[in-house]
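Enquirer: coordinates only, sequence not included:
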């Protein structure tokens, strides 16, 4: 059994998460900015589908990308050098999260980016916590990603591509910005082959929690995030 959260109930310790399904920690609560910031600070994130209560997760192991371990393949490096995309940050957050919510999810369809989740992350964006990185081709939004910045950690949420490698180029632009901000860690949440190909790797949840304690010392939205065109990464 997992605990049910009401508005005043704090999260249980992440060590209490189930092993099957891996990382399920609690249900209920809300998607208020304060609740979400508290969740990320402790290595917890919401993930659920329409018709379900809000479900909170902290899997073990945790997939992370150390910024200095970001891997650029030969083909991706060539695409970056060709400057196929204009790269921007926070100029189309709403469009990015909508595009991520509509990415086909394979057999069965559906999305975990529910209407309530979209509304919640738009609020976080207005408060300076949630950010988008966008790859544009002319007036077309060709790809991008969004996530949450807290302390010296970026918590990646989702990405999409309408053109080959557009989301990977957006990730490369994010990595370049994180290096400038001295942010060493991207949380990727769950392990996938796609993320592994870019340099992400699983680490024990206990080590991930230690990283968070070392890198997050405030619940305030971090300063320094650039809005508008991003510097050339090629």
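Expert: Yes, it's here. No experiment lies behind these values; they were computed from the predicted model shown. Numbers count the residues shown, from 1 in each chain.

Enquirer: now do the contacts for the closest residue to residue 62 other than its chain neighbours.
Expert: Nearest residue to residue 62 in three dimensions, chain neighbours excluded: residue 208, at 4.1 Å (C-beta to C-beta, 6 or more residues apart in numbering). Using the backbone N, CA and C atoms, a C-beta is placed for each residue, glycine as well. By C-beta atoms under 8 Å, 6 or more residues apart in numbering, the contact set of residue 208 is 43, 61-62, 64, 187.

Enquirer: give me the secondary structure label for the residue nearest the centre of the chain.
Expert: Nearest to the geometric centre of the chain sits residue 156, at 1.5 Å (C-alpha atoms, centre = their mean). Using DSSP: H, G, I helix; E, B strand; the rest coil, the structure places residue 156 in strand.

Enquirer: bridge partners for it, pull those for me.
Expert: residue 147 (DSSP bridges).

Enquirer: in contact with residue 153, which residues?
Expert: Contact analysis of residue 153 by C-beta under 8 Å, 6+ apart lists 40, 183, 185-187, 211-212, 215-216.

Enquirer: narrow those to those in strands?
Expert: 185-187 (DSSP state E).

Enquirer: residue 76 in helix, strand or coil?
Expert: Secondary structure, three-state DSSP: residue 76 is helix.

Enquirer: could you report the neighbour count for it?
Expert: 17 (other C-beta atoms under 10 Å).

Enquirer: shouldn't it be in contact with residue 172?
Expert: Yes. Judged on C-beta atoms under 8 Å, residue 76 makes contact with residue 172 at a distance of 7.2 Å.

Enquirer: and stretch 86-103, which residues are buried?
Expert: Within stretch 86-103, the residues that count as buried by 16 or more other C-beta atoms under 10 Å are 87-93, 96-97, 99-101.

Enquirer: quick one: which of those residues is nearest residue 195?
Expert: residue 100 (15.2 Å; C-beta to C-beta).

Enquirer: report the secondary structure state of that closest one.
Expert: Under three-state DSSP, residue 100 comes out as helix.

Enquirer: with residue 226 instead?
Expert: The local conformation at residue 226, judged by three-state DSSP, is coil.

Enquirer: contact partners for the closest residue to residue 200 other than its chain neighbours?
Expert: With C-beta to C-beta, 6+ apart as the criterion, residue 200 has its nearest non-adjacent residue at 4.0 Å, and that residue is residue 65. Contact analysis of residue 65 by C-beta under 8 Å, 6+ apart lists 156, 185-186, 188, 195, 198-201.

Enquirer: now, of those, which are buried?
Expert: Neighbour counting with 16+ other C-beta under 10 Å marks 156, 185-186, 188, 195, 198-200 as buried within those.

Enquirer: I'd like the residues you listed written out as TSV, with distance to residue 123 and pLDDT added.
Expert: Shown next, in TSV, are the buried ones among the contacts of residue 65 (distance: C-beta to C-beta, whole Å; pLDDT from 0 to 100):
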residue	distance to residue 123	pLDDT
156	19	97
185	24	98
186	22	98
188	23	97
195	27	91
198	29	95
199	31	97
200	28	97
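
Enquirer: and which of these is nearest to residue 223?
Expert: Nearest to residue 223 among these, with distances taken as C-beta to C-beta, is residue 185, at 17.9 Å.

Enquirer: distance of the closest one from residue 58?
Expert: 16 Å (C-beta to C-beta, to the nearest Å).
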